[in-house]
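A.B. asks: below: sequence and its predicted model.
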Amino acid sequence: MFPQKLNDPRAFEIAQAMLGGFNRHYRLFRGTSAEAKRRFEQADWHGQQQAQRERIEFYDTRVDEAIASLESRYQASTLPMEVWQQVKLHYIGLLVDHHQPELAETFFNSVCTRILHHGYFHNDFIFVRPAVSTEYIENDEPAAKPTFRAYYPTPQTLRDTLRRIVTNFQLDTEFEDLGRDIGHVMAAMQGRTGGERWRTNFQIQVLASLFYRNKGAYLVGKIINGFNEIPFALPILHGETGMLYIDACLFGEDDLLLLFSFARAYFMVDMEVPSAYVQFLRSMMPRKPRAEIYSAIGLQKHGKNLFYRDFLYHLRHSSDKFRIAPGIKGMVMLVFDLPSYPFVFKLIKDFFPAQKETTRELIQSKYLLVKQHDRVGRMADTLEFSNVAFPRHRFEEELLQELRHFCPSLLDESGDDVVLSHVYIERRMIPLNIYLQEATPQQMEHAVIEYGNAIKDLVAANIFPGDMLWKNFGVTRHGKVVFYDYDEIEYLTDCNFRYVPAPRNEEEEMSGEIWYSVGPRDVFPETFGPFLLGHPGVRNLFMRHHADLLDAAFWQQHKARIKAGHVHDVFPYEPHKRFYGLGKVPSPVVDGAALIADSHHDLPVQ
């Protein structure tokens, strides 16, 4: 029950202090995101990576600061519930006309649940549901830029309009040949629209900030022609001369879903009103949950909050039971799922087999490494939760027995709930070993090629996956192979890649034991084969496409380049989409006239 009166002066002060803590967080978050433009212009790739890692830590740091301040000034953890109910009502009032109300509500939840040591799903004074609408929020300040800009080209002005769209971002680095690039974009547009006739309201809408990640800047928008909308993105990269060029033109929801994939690092983008960006992006990717879009633009804490709300909603509207996840059981993690829900739940076991020399703390550090690192489309993002309550009647008994045996320290079965004190949640994929068992010859070849490419992309990102067994990789709905078992990963530069020494005598040659010394981070790539290539068909495909992965020289060369400061390019789109990457340069159109079909035809965009 909410209080009838707002009669405690501490409540308003606490609400103001909490909102002040959030405002400080978002000011710093936005500042480092805005600085991505300067880092991109200066090709400061190591600075970009460092900022990416540090920004992830901002939120928890600000929450800790807010808690320390409230405890010091108000002994917040000792205040009665009536005061906290008043705090929430005051806080709601302070969010009127706020530009990030949904994020401020999540910050409130984070602070309160830490102070009160109680999960917010049981508390009616926490924002279980949003209290302030995010619809139609805009920054009305005179000097503020809008969420997106709309352009209205004619066939005759299309080239000039596209040039203006790019130059309006005022990048302080020149393009090699922007006219050439615009010609390629127009040719790509013609190929995508099929010469559809222009409607009266033909327009191009473009988000007002570029999206920065790794070594790229992405211009994101959509073409609107009558009732048809085509999402698009233009990757802008640095050439060998240091000047810029547009590398591709990505079209349609599928291309955008890969660009904003859960297996890639978060974007840096300067946003005054994040909800408006999410609404725009959702119109281009309606199949992508809002939670994942918030996470993709760096607001992963609010993405996590939305995910949990969606999860509770799914539980209320489903009746199947949690079960042990299909596939080979792991030695370190206990994994379960809900058949109707596209995610898996992972818990670190309380004990491990003797051959696994690890600890809970070390495994947690590996998952944090992945969260902060460039995932290059090959490592699944994880959501980390504490004290998650599940309805006990939704658990299969076999799963409960596994939890009691392997994870008793994480399990609380009090009342009608099963409460897990620490759990990771990841997007569900088809384990690669299971996929290969059921694959057609064509699917098998694609999967083996993807598997090798996944490892090479990880290598380019300075990651050695450690355990490269097929069961530790999954296949996404787009056919991408993604790594998801992190307990043995290491930085590539921390590993020592060696050839197996030649035996010095017949005794060593015939020995079934290793006769040479092996350091804790020594890796012998030529020994991967027996563990990975038992299936003759898989072996033939692997040796045809990725035999270099069994050669220590491959790993040594990449390690040396990374240690020398080289940052690899890893593209979130297929090579054939690049204008210049493979020497395949499409003939540019001269003007917009080629984009118009015969006026007697009315062709829909396919």
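C.D. replies: Alright, I've got the coordinates. Numbering: from 1, shown residues only.

A.B. asks: residue ranges with poor pLDDT in the stretch 101-250 of the chain?
C.D. replies: Across the stretch 101-250 of the chain, the ranges flagged by pLDDT under 70 are 118-125, 194-196.

A.B. asks: which stretches in it count as strands?
C.D. replies: Counting by DSSP state E, counting those that start in this stretch, the segments of the stretch 101-250 of the chain that form strands are 148-151, 203-207, 211-213, 216-225, 228-238, 244-246, 250-251.

A.B. asks: highest mean neighbour count out of those?
C.D. replies: The densest packing among those, expressed as mean neighbour count by mean count of other C-beta atoms under 10 Å, is seen in strand 211-213 with a mean of 24. (C-beta placed from N, C-alpha, C; glycine too.)

A.B. asks: got the contact list for that strand?
C.D. replies: 33, 36-37, 39-40, 48, 217-218, 220, 233, 264-269, 297 (C-beta atoms under 8 Å, 6 or more residues apart in numbering).

A.B. asks: for the protein, longest helix please?
C.D. replies: Within the chain, and with DSSP state H defining each element, the longest helix by residue count is helix 45-74.

A.B. asks: can you pull the buried residues of that one?
C.D. replies: Taking 16 or more other C-beta atoms under 10 Å as the basis for neighbour counts, the residues of helix 45-74 that come out buried are 45, 48-49, 51-52, 55-56, 58-59, 62-63, 66-67, 69-70, 74.

A.B. asks: centre of the chain to it, how far?
C.D. replies: Distance, stretch centre to chain centre, for helix 45-74: 20 Å (C-alpha atoms, centre = their mean, to the nearest Å).

A.B. asks: helix or strand next in line after it, which one?
C.D. replies: The element immediately downstream of helix 45-74 (helix or strand, assigned by DSSP states H and E) is helix 81-94.

A.B. asks: report the buried residues of that following helix.
C.D. replies: Taking 16+ other C-beta under 10 Å as the basis for neighbour counts, the residues of helix 81-94 that come out buried are E82, V83, W84, Q85, Q86, V87, K88, L89, H90, Y91, I92, L94.

A.B. asks: report the rounded mean pLDDT for that helix.
C.D. replies: For helix 81-94, the per-residue pLDDT values average out at 92.

A.B. asks: elements contacting that helix?
C.D. replies: Using 3 or more C-beta pairs under 8 Å, 6 or more residues apart in numbering; DSSP states H and E as the contact criterion, the elements in contact with helix 81-94 are helix 9-34, helix 101-116.

A.B. asks: and the direction of the last one versus that of helix 9-34, what angle?
C.D. replies: Think helix 101-116. Comparing the axes of helix 101-116 and helix 9-34 via axes from the mean of the first three to the mean of the last three C-alpha atoms, to 10 degrees yields an angle of 120 degrees.

A.B. asks: where in the stretch 401-550 of the chain is pLDDT low?
C.D. replies: When the per-residue scores of the stretch 401-550 of the chain are filtered using pLDDT under 70, the ranges that remain are 508-509, 512.

A.B. asks: now do the strands in it.
C.D. replies: Listed in chain order (using DSSP E, counting those that start in this stretch), the strands of the stretch 401-550 of the chain are 411-412, 417-420, 423-427, 430-431, 463-464, 473-475, 481-483, 490-491, 496-497, 522-523.

A.B. asks: what's in contact with the longest one?
C.D. replies: Just to be clear, that refers to strand 423-427. Outside strand 423-427, the residues within contact range by C-beta under 8 Å, 6+ apart are 262, 307, 342-347, 367, 380-385, 388, 410, 476, 484.

A.B. asks: with just CA atoms, put stretch 232-239 into PDB.
C.D. replies: The C-alpha trace of stretch 232-239 is given here as PDB (Å, rounded to 0.1, in the frame of the first residue of the first chain):
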ATOM      1  CA  PHE A 232      19.800   0.600 -44.200                       C
ATOM      2  CA  ALA A 233      23.200   1.300 -42.700                       C
ATOM      3  CA  LEU A 234      26.400   2.700 -44.300                       C
ATOM      4  CA  PRO A 235      29.700   1.500 -42.600                       C
ATOM      5  CA  ILE A 236      32.400   4.200 -42.800                       C
ATOM      6  CA  LEU A 237      36.000   3.100 -42.400                       C
ATOM      7  CA  HIS A 238      39.500   4.400 -42.500                       C
ATOM      8  CA  GLY A 239      41.500   3.500 -45.700                       C
END
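
A.B. asks: how far does it sit from its chain's centre?
C.D. replies: 19 Å.

A.B. asks: before we move on, what about stretch 288-298?
C.D. replies: Chain-centre distance of stretch 288-298: 8 Å, with C-alpha atoms, centre = their mean.

A.B. asks: what mean pLDDT does that stretch have?
C.D. replies: 96.

A.B. asks: what subset of the contacts of strand 423-427 is buried?
C.D. replies: A residue is treated as buried here by neighbour count (16+ other C-beta under 10 Å); on that basis the buried members of those are 262, 307, 344-347, 367, 380-383, 385, 388, 410, 476, 484.

A.B. asks: next, give phi and psi for P572.
C.D. replies: The phi and psi values for P572, taken as degrees, to the nearest 10, are phi -90, psi 30.

A.B. asks: thinking again about what came up before, could I get the strands of the stretch 401-550 of the chain in CSV, plus columns for distance to R360?
C.D. replies: As requested, those are arranged in CSV below (distance: least, C-beta to C-beta, whole Å):
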stretch, distance to R360
strand 411-412, 14
strand 417-420, 14
strand 423-427, 12
strand 430-431, 24
strand 463-464, 22
strand 473-475, 24
strand 481-483, 21
strand 490-491, 18
strand 496-497, 27
strand 522-523, 25
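
A.B. asks: let me have the ones you listed in JSON lines, extended by mean neighbour count and distance to T147.
C.D. replies: Below are the strands of the stretch 401-550 of the chain laid out as JSON lines (neighbours: other C-beta atoms under 10 Å; distance: least, C-beta to C-beta, whole Å):
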{"stretch": "strand 411-412", "mean neighbour count": "15", "distance to T147": "44"}
{"stretch": "strand 417-420", "mean neighbour count": "18", "distance to T147": "39"}
{"stretch": "strand 423-427", "mean neighbour count": "20", "distance to T147": "28"}
{"stretch": "strand 430-431", "mean neighbour count": "18", "distance to T147": "38"}
{"stretch": "strand 463-464", "mean neighbour count": "23", "distance to T147": "35"}
{"stretch": "strand 473-475", "mean neighbour count": "24", "distance to T147": "35"}
{"stretch": "strand 481-483", "mean neighbour count": "25", "distance to T147": "32"}
{"stretch": "strand 490-491", "mean neighbour count": "16", "distance to T147": "39"}
{"stretch": "strand 496-497", "mean neighbour count": "18", "distance to T147": "48"}
{"stretch": "strand 522-523", "mean neighbour count": "15", "distance to T147": "48"}
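
A.B. asks: and of those, who's closest to P142?
C.D. replies: Nearest to P142, of all those, is strand 423-427, at 42.9 Å by C-beta to C-beta.

A.B. asks: follow-up on the earlier one: pull the most distant pair out of the buried ones among the contacts of strand 423-427.
C.D. replies: Farthest pair in those (C-beta to C-beta) is L410 and T476. Separation: 28.2 Å.

A.B. asks: tell me how this protein divides into domains.
C.D. replies: Listed domain ranges for the chain are 9-122, 148-311+586-595, 318-427, 450-571 (source: automatic domain parsing).

A.B. asks: I'd like to know which of the ones you listed lies nearest to E135.
C.D. replies: With C-beta to C-beta as the measure, domain 148-311+586-595 is the member of these nearest E135 (8.1 Å).

A.B. asks: C407 is in contact with L347, correct?
C.D. replies: Yes - L347 lies in contact with C407 (C-beta atoms under 8 Å); the separation is 4.9 Å.

A.B. asks: what do the two both touch?
C.D. replies: Common neighbours of L347 and C407, counting by C-beta under 8 Å, 6+ apart, are L334, L420.

A.B. asks: in terms of helices and strands, where is G377?
C.D. replies: In the assignment (DSSP H and E), G377 maps to no helix and no strand.
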